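**Student:** Sequence plus the predicted model coming up.
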Protein chains: 2
Amino acid sequence: MNLFIDRLITKMKEKDSRICVGLDPHIDQIPEYLMLEAGAREANNQTKYLEAAAHAVKDFNKVIIENIKPFSAVVKPQLAFYEQLGLPGLKAFKETVKFARESGLMVIVDGKRNDIGSSAKGYYNAYLNKENDSNKPALGFVKADALTINPYLGFEGVEPFLENEEAGIFGLLRTSNPGAEKIQNLMMASGKRFYEELALMFEKWGEDYCGEMGYSNLGAVVGATCPEELAELRKLMPRTFFLIPGYGAQGGGADDVVAGFDSNGCGGIVNSARSIIFAYRKELYKDKYKEKEFGLAAAEAAEKMQIDINQALEKAGVING
Amino acid sequence: MNLFIDRLITKMKEKDSRICVGLDPHIDQIPEYLMLEAGAREANNQTKYLEAAAHAVKDFNKVIIENIKPFSAVVKPQLAFYEQLGLPGLKAFKETVKFARESGLMVIVDGKRNDIGSSAKGYYNAYLNKENDSNKPALGFVKADALTINPYLGFEGVEPFLENEEAGIFGLLRTSNPGAEKIQNLMMASGKRFYEELALMFEKWGEDYCGEMGYSNLGAVVGATCPEELAELRKLMPRTFFLIPGYGAQGGGADDVVAGFDSNGCGGIVNSARSIIFAYRKELYKDKYKEKEFGLAAAEAAEKMQIDINQALEKAGVING
């Protein structure tokens, strides 16, 4: 039960939730009062501005985490949004990861990292490293539960990330963006699409990293925006757990993601970021909630997503309501 | 002449150098006296250890930069080695980039970043952002000249990185690791290899970003360990500049990289990390230089690599000695 994937599935069952909340703090969508309180509007140079904006981001994330935790087992901070805020942003990222885990949530760091040999090991050390039981202090940046990676370099760029059985990875397979198919769906000499060839590799690579529930610590990212591929991949990859982005703002709906789950309603987790964390700005919620109630709007949006997906699975006869 | 690629080619010509020095500070190969001076050996917890190790890394990099700058126009810090040292490591990275640029070197950040839409923009902001001429302070982490990226997400994951004409990117195309061919050399229905399909896309994607010297701001990473592919790609991609890793420790030699250059001896830059920065530990240099002279060993190794590559190009009749 120490395996990442078993912990993930157990926690999702406890909460009866198949959603993941993306912590993608677009700086121009953070509530204005938080930016004002942090001093971002009076900052007259980059150093001060980044400090203030990162402070607002950290405060924002904490409120989101407190509010969505009844409805979600997992959060997924997207590193790019923190890196663009420099060192203060990376500090806010570290504090966010810590706060989320202390709040009982699991954390998938969305970094899409990739490299080989000692460089891959460096990224592993940064995000997924084991506690050190020797006297030598361990390397590390944050302690996350999982990291997204890019598999373009082959197994040599994947294996170093699997060293700690308590941590998992999700490799990009079929991404949710409109132009992805121009590369990922290229037709191979074998008669398969490129992502299909890669899918078979994922299954094989994950073989030695399987948990008690039949899934492996090597998951795959498959977009909600391509439900046909999702259905096909679910069959092709029985031991690979899916992280499914593209729900909400990117266009995927509850009925689209059903195909990503197995006959027990397991095997996938659906991510949404903007539609939840910035729900207070949406037509649906903006008359109901004031800016300072952005956490309540996020909670309602998260609960709605949790229920919508569960109901879609019930309707499809996959789970019992 | 403001285009990244024109600046790069000009600077390389000025120094008559086709090498790039990889700043990959493997923590267990940093000279022991630097670790001792920084207090890494007496650190009894992770926070203190990372602070001390990052301090040693920064000191190490400064000495390397001072010593190799007569022989190289470019350094390439590999982000993984800094991320694994947490916030102190990221601070050392930022200081390294600044110091290298102040020393007149160009900096390619090796981050292999990749994402789409606003997340890709976030990474762009972090590493390649323009100076802001409005009153609003700009987002940013470091000011680099170029960034390596992973093109698996398609043009939507490439285009956001090309916004600043003064900055460039190098997309992974055919990497130098042994297992890379299992993905990158897959045979397509078109009769081409996967990397060949991608190569044609790179050429097209770079079309609107070409400089005065015929090359574009979108370069490609092609390993020195596959000289046949290198030769083929040089013909297939006349406007794409190559960043060629895998020289030295990974097995590529001067004769192997000749194929990556055009008939004017332009079109590529060859990276080596360990063989230069840790030259003081190598059989060839360790009797000649003491540990504290690691900078002199690096200078000699860099000069040797500069000369070896130029001589191989002369021998091949590409440039005049």
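**Tutor:** Here it is on my side, so go on. Numbers count the residues shown, from 1 in each chain, chains lettered A, B, ... in the order given.

**Student:** I figured residue A:72 hits residue A:306, correct?
**Tutor:** Yes: if you go by CB atoms under 8 Å, residue A:72 and residue A:306 touch, sitting 7.1 Å apart. (Glycine included, C-beta is placed from N, CA and C.)

**Student:** More neighbours: the two, which one.
**Tutor:** More crowded of residue A:72 and residue A:306, by other CB atoms under 10 Å in any protein chain shown: residue A:72, with 28 against 21.

**Student:** which residues sit in contact with the more buried one?
**Tutor:** With contacts defined as CB atoms under 8 Å, 6 or more residues apart in numbering or on different chains, residue A:72 is in contact with A:15, A:17, A:19, A:20, A:21, A:105, A:302, A:306.

**Student:** sec struct for it, please.
**Tutor:** Three-state secondary structure (criterion: DSSP: H, G, I helix; E, B strand; the rest coil) places residue A:72 in coil.

**Student:** do you know how far it is from residue A:11?
**Tutor:** 10 Å (CB to CB, to the nearest Å).

**Student:** Residue A:23 too?
**Tutor:** 17 Å.

**Student:** Of the two, give the one with the bigger neighbour count.
**Tutor:** residue A:23 (26 against 17).

**Student:** Is the residue lying closest to that one once chain neighbours are set aside within a helix or a strand, and which one?
**Tutor:** Distance criterion CB to CB, 6 or more residues apart in numbering or on different chains; nearest residue to residue A:23, sequence neighbours excluded, is residue A:77 at 4.1 Å. Using DSSP states H and E, residue A:77 falls within strand A:74-77.

**Student:** Mind exporting the C-alpha coordinates of that strand to CSV?
**Tutor:** Below are the C-alpha coordinates for strand A:74-77, written out as CSV (Å, rounded to 0.1, in the frame of the first residue of the first chain):
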residue,chain,number,x,y,z
VAL,A,74,-5.5,15.8,-5.7
VAL,A,75,-4.2,19.2,-6.8
LYS,A,76,-1.9,19.8,-9.8
PRO,A,77,0.2,22.9,-9.7
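
**Student:** in its sheet, what does it sit against?
**Tutor:** Partners of strand A:74-77 in the sheet, by DSSP bridges, are strand A:19-23 (parallel), strand A:106-113 (parallel).

**Student:** after that strand, next one along is what?
**Tutor:** Trace forward from strand A:74-77 with DSSP H and E and the next one is helix A:79-83.

**Student:** close to chain B, is that next one?
**Tutor:** Yes: Helix A:79-83 is in contact with chain B by CB under 8 Å from any CB of the partner chain, via A:80, A:81, A:83.

**Student:** Which parts of the stretch 151-300 of chain A are strands?
**Tutor:** With strands called from DSSP state E, counting those that start in this stretch, the stretch 151-300 of chain A shows them at A:168-174, A:218-222, A:242-244, A:268-272.

**Student:** list the contacts for the nearest residue to residue A:296 once chain neighbours are set aside?
**Tutor:** The shortest distance from residue A:296 to any non-neighbouring residue, by CB to CB, 6+ apart, is to residue A:289 (5.5 Å). By CB under 8 Å, 6+ apart, the contact list for residue A:289 reads A:279, A:280, A:296, A:297.
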